[in-house]
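A.B. asks: One predicted model, sequence on top.
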Amino acid sequence: MSLKPAASESSPVEVRVTDAPEKPLEEEPIYQPGMDWFVLRVASNKENYVRETLLRKVQIEGLTNLVGRILVPTEKTKTMKGGKQRITETKLYPGYVFVEMRLEPDGRIPQDVFFLIKETTGVGDFVGTAGRPTPMSKSEVEQMLHDARKPEEAPQVRAEFNKGDVVKIKEGPFENMEGTVDEFFPDKGIVRVLVTIFGRQAPIEVEYWTLARADE
């Protein structure tokens, strides 16, 4: 499976913070002894439900020796509009849950684990063939765990508008005017734009959500 985080429809400027699992993954190995990571297909918007249900079932049935970590890497996006913040959470790999487990010597899922998983609402099949799930490659596991363990720190702003970009103002007193991006102030959600007024270039500050690329 080629691991590529889902593209999100983000606003021009956004703050992204990836949730860390309950137990810090930095303190854990990539693989637990005798286990591999597998990709489980699940129904859309059922990822968290499946994860929580499986974790609970594994504990109740005493199968922690066969099933390890179960992850749904997510990220939070913070946008600002009208001076107000809005935070949304999106899944990096929608439709998939990552399960660490131990297989039988012949490559099949242990029977108790198989029925525990298959009887969970929203579960599809593991990525693989003929009842034998395909383990993720080491590079795929490392990427997935990296996405799942990003530290909780001061959010870093990623701006899709760069200095010098030509933009068009969509709303406000300068609506429909074009200019170039001069500077971005992440804490305020403000972009300084250089526009031409009465034949002279002047800097104005507008909220980022009122901007669009001039060629759009």
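C.D. replies: Structure's in. What do you need?
A.B. asks: R192 is in contact with E205, isn't it?
C.D. replies: Yes: the pair R192 / E205 is scored as a contact, 5.2 Å apart, by Cβ atoms under 8 Å. Where C-beta positions appear, they are placed from N, C-alpha and C, glycine not excepted.
A.B. asks: Contacts only, for E175.
C.D. replies: Counting by Cβ atoms under 8 Å, 6 or more residues apart in numbering, E175 makes contact with I169.
A.B. asks: So it: helix, strand or coil?
C.D. replies: coil (DSSP: H, G, I helix; E, B strand; the rest coil).
A.B. asks: Roughly how far does the residue nearest the centre of the chain sit from N48?
C.D. replies: Centroid-nearest residue in the chain, with Cα atoms, centre = their mean: L92, separated by 3.1 Å. Distance from L92 to N48, counting by Cβ to Cβ, to the nearest Å: 13 Å.
A.B. asks: Can you classify E52 by secondary structure?
C.D. replies: E52 ends up helix, using three-state DSSP.
A.B. asks: same check, this time on the one 3 residues further on
C.D. replies: Three-state call for L55 (three-state DSSP): helix.
A.B. asks: Show the pLDDT at it.
C.D. replies: Note on L55: pLDDT of 95.
A.B. asks: Check I204 too.
C.D. replies: 91.
A.B. asks: How about the one 3 residues further on?
C.D. replies: Looking at E207, its pLDDT stands at 83.
A.B. asks: any weak-confidence spans in the chain?
C.D. replies: 1-28, 77-88, 149-160, 187, 216 (pLDDT under 70).
A.B. asks: redo that, cut-off 90
C.D. replies: Applying pLDDT under 90 to the chain flags residues 1-30, 44-45, 73-92, 128-132, 143-165, 170-177, 183-191, 197-202, 206-216.
A.B. asks: where do the contact lists of R192 and E205 overlap?
C.D. replies: Common neighbours of R192 and E205 (Cβ under 8 Å, 6+ apart) are F185.
A.B. asks: the more surrounded of the two?
C.D. replies: Comparing R192 with E205 by other Cβ atoms under 10 Å, the one with more neighbours is R192, at 16 against 12.
A.B. asks: just checking, the more buried one is part of a helix?
C.D. replies: No: R192 is assigned strand when assessed by three-state DSSP, not a helix.
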